[in-house]
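> Could you work out the structure for the sequence below:
(chains A and B)
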There are 2 protein chains.
Amino acid sequence: MYCEQLVKPDGRQLTLYSRRPIVVAGLAPSPFPLPQEANPHLRWHPLRGEWVAYAAYRQGRTFLPPAQYNPLAPTRDPAHPTELPAGDYDIAVFDNRFPTLALHAHDPPALTVATAPAGGHCEVVVFAQDACASLGTLPVSHIVLLLQAWAERTQELAKRPGIAYVLPFENRGAEVGVTLHHPHGQIYAYPFVPPVPARMLAQERAYFAEHGQALLVDMARREADGGARLLYLGPEAIAFVPACARYPYEAWVMPLRQTDSFAALSAGQREDLARALKTVLLKYDGLWQREMPYLMAWYQAPPDGCAHPETQLHAQFYPPYRTRERLKYLAGTELGAGMYAMDALPEESARQLQDVHVAWNMAEEIA
Amino acid sequence: MYCEQLVKPDGRQLTLYSRRPIVVAGLAPSPFPLPQEANPHLRWHPLRGEWVAYAAYRQGRTFLPPAQYNPLAPTRDPAHPTELPAGDYDIAVFDNRFPTLALHAHDPPALTVATAPAGGHCEVVVFAQDACASLGTLPVSHIVLLLQAWAERTQELAKRPGIAYVLPFENRGAEVGVTLHHPHGQIYAYPFVPPVPARMLAQERAYFAEHGQALLVDMARREADGGARLLYLGPEAIAFVPACARYPYEAWVMPLRQTDSFAALSAGQREDLARALKTVLLKYDGLWQREMPYLMAWYQAPPDGCAHPETQLHAQFYPPYRTRERLKYLAGTELGAGMYAMDALPEESARQLQDVHVAWNMAEEIA
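Down below sits the predicted model:
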């Protein structure tokens, strides 16, 4: 992995990752010439027992781009700088200009509920220079690089003060609110372990205490043995529709051996995990012969310096469609009660995805 | 309150509620002549520690209605029966033909995760006979009747075996997945206290143990005193945008005095709560001069026969819009991490809603 750090004129950091030596023409660009003081705050929700983040400056964008302007493409015209320089590199990570969480947040307002500075950090991860690519169409070696970049970002962000959890994710498609088609994801570094991973970790700790094994490693083994919901099984990685799917086409991707974080992956695990991920992504896009929208979240151990034999690095995919034409809406019972209701069985969705044949030129991919 | 119970030809129960003596022409109709065996099941999600419900038969509808057919309107043409009879009544409640939860569910499948019958009950609540009405346009006395009906449904459902929680809610608008425009809501009776109210109750218990007061009663008092986010303040009820809103136009409605359930409301509380509710609903529809979509959930104490001085009956509204044109999507940080991120401040949304002037003919309403 090659890596180079740059600083944008507005002070934001840009890091480039590549499979080849990095060659960059010009300085790190930014569509925004001046620094922006990001000062988000947190408010405590006493009834749910969780923090809510407020970043009200986010609507104050004065930036008027030309038509067809893609801020995530490499800069072609220096008069209209994008977020990325022209040059030879594969993946770019930069500080979000409109972060929900910011390390230097300060002086939260005094309110009828407890408040705090919304410390933390938000990054944008551009998966590739080609605006028409998508994560699944990238070569395996490029996806391997992304797994390495996520590992490095996690370790870098964990060094900053007050970071308790690092979550890489991708929102894909207009159906989940994404307007930029260029393949990209985000990384949120939280000043606390957020409710969803905190709950998972608690469940995993309880399971480990009882069984002396990681919950997800046991679940994955049962899926590998049964096969009814299996989407990929390689020497080091697995993908399947979980028996307890909350979304009709939900899928999980993970290593087979217990591995608590991106940083703990071996080269062999990374490669097979990239294959598992690519398989799921190509099956999604192949199912209805169009780009499947989804939310992809990667869960790993909190970067707290402790061993986490109870937890397992893994991705969860939540696609919003329940049939080719119909979205699954989260409504009364899901958002109001927290009980998800499904009218599709995971076994049936898995069978449909199993029937999507995907293949790619492996010799070429690994080269 | 007048009330009458009927049974549909397919065995489902229909209950009518009215402010006047009920007059019904003909028997209880059903669009479906034959009984349906509903057999949903639950699967345990070991990583989230929650149940997920599967009701796969729901897609097997063979029913082909005529154009403009509205199953929630009173039956006009006996050749095309709807869910409701013609006659004089205000509100109708009937068993959902496609329930997510069913008392007689049995023999769940054996899987790689724990399973259970999806016991419980699902009802549809038709708010009014007029398909063009909406909850907010109904007279206060009609909304009072709905509060009474919810109280009676809660008590009736709580008598059935294994019911641990009763949640009335309304999904309103195509944006939250509702295709039937006729004003209606639903009631889910769960065989367990679902995760969201369970979490709230735990937070309320902890607050009560520390302060000897109900958390929401204290929160409401602070909102009444401050006024910055207040939408309605009457002698017995209050509505406000919570300081910790997770949706830009979120609003909460509740009695001022500690009251743990619909059944515990006094006549005076019911009337003022109906006014608070109507005010919020009219402000929502007035904000952009169009029907505001939302999810409305009513939380109350579990009907377990115990006193619940820690909890407060209240409604939470989650409208999906963040501006007139833009939806707020729940994406990476909300669904993946469980931390909601807002780019609007609750104080600003409250000010916009405060500026919507609503009035109705009070003399007429109470008559």
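
> Quick one: the helices in chain A, in order.
A:140-158, A:195-211, A:215-226, A:267-287, A:346-354, A:362-366 (DSSP state H).

> out of those, which comes closest to residue A:106?
For these, the distance to residue A:106 is smallest for helix A:140-158, at 19.5 Å, taking CB to CB. For glycine as for every other residue, the C-beta is placed from the backbone atoms N, C-alpha and C.

> does chain B sit close to the closest one?
No. Judged by CB under 8 Å from any CB of the partner chain, helix A:140-158 and chain B are separated, with a smallest distance of 13.9 Å.

> Which strands and helices lie in contact with that helix?
Helix A:140-158 sits against strand A:13-18, strand A:91-95, strand A:121-126, strand A:165-172, strand A:184-190, helix A:267-287, helix A:362-366, with contacts defined as 3 or more CB pairs under 8 Å, 6 or more residues apart in numbering or on different chains; DSSP states H and E.

> Would you mind getting the angle between that helix and strand A:184-190?
On the basis of axes from the mean of the first three to the mean of the last three CA atoms, to 10 degrees, helix A:140-158 is oriented at 20 degrees to strand A:184-190.

> hang on, the earlier thing: would CSV of the helices of chain A with mean neighbour count and mean pLDDT be doable?
As requested, the helices of chain A are exported to CSV (neighbours: other CB atoms under 10 Å in any protein chain shown; pLDDT from 0 to 100):
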stretch, mean neighbour count, mean pLDDT
helix A:140-158, 21, 98
helix A:195-211, 17, 98
helix A:215-226, 18, 97
helix A:267-287, 22, 98
helix A:346-354, 19, 97
helix A:362-366, 12, 61
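
> closest to residue B:304 out of the ones you listed?
Smallest distance to residue B:304 across the helices of chain A (CB to CB): 24.3 Å, for helix A:195-211.

> OK, contacts around the nearest residue to residue A:3 once chain neighbours are set aside?
Nearest non-adjacent residue to residue A:3, counting by CB to CB, 6 or more residues apart in numbering or on different chains: residue A:17, 5.4 Å away. For residue A:17, the contacting residues are A:1-3, A:89-93, A:145, A:148-149, A:152, by CB atoms under 8 Å, 6 or more residues apart in numbering or on different chains.

> ditto for residue A:199
With contact set as CB under 8 Å, 6+ apart, residue A:199 has these partners: B:48-49, B:338.

> Which ones, among those residues, also lie beside chain A?
Near chain A, judged by CB under 8 Å from any CB, the entries from those are B:48-49, B:338.

> from these, which is closest to chain A?
Taking CB to the nearest CB as the measure, chain A sits nearest to residue B:338 out of the ones next to chain A among the contacts of residue A:199, at 3.3 Å.

> The residue nearest to that closest one when sequence neighbours are not counted and residue B:90, how far apart?
The shortest distance from residue B:338 to any non-neighbouring residue, by CB to CB, 6+ apart, is to residue A:195 (3.3 Å). Note on residue A:195: its distance to residue B:90, by CB to CB, to the nearest Å, is 41 Å.

> Please apply the same query to residue A:15.
64 Å.

> what's the answer for residue A:272, then?
Taking CB to CB, one finds residue A:272 at 63 Å from residue B:90.

> Next: residue A:240.
In terms of CB to CB, residue A:240 sits 50 Å off from residue B:90.

> of the two, who's got more company?
Neighbours per residue (other CB atoms under 10 Å in any protein chain shown) separate residue A:240 from residue B:90, with residue A:240 holding more: 30 against 23.

> was I right about the more buried one contacting residue A:350?
Yes. Residue A:240 lies in contact with residue A:350 (CB atoms under 8 Å); the separation is 7.1 Å.

> Need the residues touching each of the two.
Common neighbours of residue A:240 and residue A:350 are listed as A:229-231 (criterion: CB under 8 Å, 6+ apart).
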